[in-house]
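*Asks:* sequence first, predicted model second:
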Amino acid sequence: MEAIDFSSADHRKVVVVGTGPAGLTAAIYSARANLKPLVIQGPEPGGQLITTTDVENYPGFPEGIMGPDMMQKFEAQAERFGAELQWGMVTSVDLSERPFKLVVDEEMPILADTVIVSTGASAMYLGLENEARLLGHGVSACATCDGAFFREQEVAIVGGGDTAMEEALFLTRFASKVYVIHRRDAFRASKIMAGRVLENEKIEVLWNTVVEDVLGEKEVEGIILKDSITGEGRTLPVQGLFVAIGHKPNTEIFSEYLERDETGYLITKPDSTYTNIAGVFACGDAQDHVYRQAITAAGTGCMAAIDAERWLADQEEG
Ligand code: NDP
């Protein structure tokens, strides 16, 4: 940060960090409030919905909509009102004084009167050495991205939440067989999604089972499983291992300044998007560990833009 010259940096009233439903909704609202927001796209522009197939629960789309199509619409709507999207990711921040300082891709300085943090969350992994080694070679956290590589092959997916259900169902389009591996004896997923999985003939659920290791030199050739009740181990010969065990909020870069809970979610003041630093607002999955839906992320993105707009007006008044 010291080496970066901010003297001729772009100075914005509102900088939005992240472009999932939260960030782009914040961008739409602050652009319509004539605040000309700069929106930093982040490492995964469009956020988690980019790796989702059908979104069936977002109001206004009775037939459902594909995640990437929905995010394109969010983006077009933000740009229509003057939001400016900037490719790249924020690599350092200084929130110790105003205007706040941000650096994009380690070289582009930006000054901001307000910052809206909507950096979302990223996939978690099991933490096995061979899982990391074979990532992209049979191990994946995104069935939508990689499922088509497993035509007529056998794959396994770990997890018992809605993501695991959704991805297991998606994988049946390609794979000859899909194992759902869950560490307990009941799914966390909604009944409707779990029901679809349990009814699907291509899917076999392995309850009370954990993955202990991933086998294969260059590509996944199998996984070692352990029955968590009997302790019995066995090898399951699969060519793909999909991990769907939840997400971690992308808030590390703000950790020096913003209050976070023990799992890293940003803490906001009740019924608002205010963080512990005046002028910095947080919304979406970076801050919400309870609902984590596109619609709630969009809702808090709207709140953040309104909070920022009112806060700026208060500063100008005096
Ligand atoms: P969740 O946190 O809901 O589920 C994670 C699953 O992974 C749980 O079953 C958990 O087990 C399991 N798990 C966690 N850690 C491990 C581990 N180390 N080893 C093995 N298993 C592990 O995450 P999701 O990503 O599924 O969903 C996140 C949110 O998004 C939810 O609110 C969900 O409803 C929503 N969502 C909605 C969709 C839709 O409506 N179309 C689609 C996808 C997600 P355990 O149950 O034992 O804790």
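*Replies:* Received the coordinates, thanks. This is a predicted model, so every value here is computed, not measured.
*Asks:* just give me how far stretch 58-67 sits from the chain centre.
*Replies:* The gap between where stretch 58-67 is centred and where its chain is centred comes out at 19 Å by Cα atoms, centre = their mean, to the nearest Å.
*Asks:* is it anywhere near the ligand?
*Replies:* No - remark: stretch 58-67 sits outside contact range of the ligand, by Cβ under 6 Å from any ligand atom, the gap being at least 9.3 Å. All C-beta atoms are positioned from the backbone trio N, CA, C, and that covers glycine.
*Asks:* same check on stretch 260-275?
*Replies:* No - Stretch 260-275 lies out of reach of the ligand by Cβ under 6 Å from any ligand atom, never closer than 11.1 Å.
*Asks:* list the buried residues for that stretch?
*Replies:* Taking 16 or more other Cβ atoms under 10 Å as the basis for neighbour counts, the residues of stretch 260-275 that come out buried are 260, 264, 265, 266, 268, 273, 274, 275.
*Asks:* please save the CA atoms from it in PDB.
*Replies:* Output for stretch 260-275, consisting of C-alpha atoms alone and laid out as PDB, is shown next (Å, rounded to 0.1, in the frame of the first residue of the first chain):
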ATOM      1  CA  ARG A 260     -16.000 -10.200  12.000                       C
ATOM      2  CA  ASP A 261     -17.600 -13.200  13.800                       C
ATOM      3  CA  GLU A 262     -15.500 -16.300  14.600                       C
ATOM      4  CA  THR A 263     -16.200 -17.800  11.200                       C
ATOM      5  CA  GLY A 264     -15.300 -14.600   9.300                       C
ATOM      6  CA  TYR A 265     -18.700 -13.100   8.600                       C
ATOM      7  CA  LEU A 266     -18.700  -9.300   8.800                       C
ATOM      8  CA  ILE A 267     -20.700  -7.900  11.700                       C
ATOM      9  CA  THR A 268     -23.300  -5.300  10.900                       C
ATOM     10  CA  LYS A 269     -25.300  -3.200  13.300                       C
ATOM     11  CA  PRO A 270     -28.900  -4.500  13.900                       C
ATOM     12  CA  ASP A 271     -31.400  -3.700  11.100                       C
ATOM     13  CA  SER A 272     -28.800  -2.000   9.000                       C
ATOM     14  CA  THR A 273     -25.700  -2.600   6.900                       C
ATOM     15  CA  TYR A 274     -23.400  -0.400   9.000                       C
ATOM     16  CA  THR A 275     -20.100  -2.000  10.000                       C
END
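*Asks:* ignoring the adjacent residues along the chain, who's closest to the residue in the chain that the ligand sits nearest to?
*Replies:* Shortest the chain-to-the ligand distance, computed as Cβ to the nearest ligand atom: residue-wise this is residue 161, at 2.3 Å. For residue 161, ignoring the flanking residues on the chain, the nearest one in space by Cβ to Cβ, 6 or more residues apart in numbering is residue 188 at 4.8 Å.
*Asks:* got the contact list for the one you found?
*Replies:* Each residue near residue 188 by Cβ atoms under 8 Å, 6 or more residues apart in numbering is listed here: 160, 161, 162.
*Asks:* kind regards, and thank you for your time.
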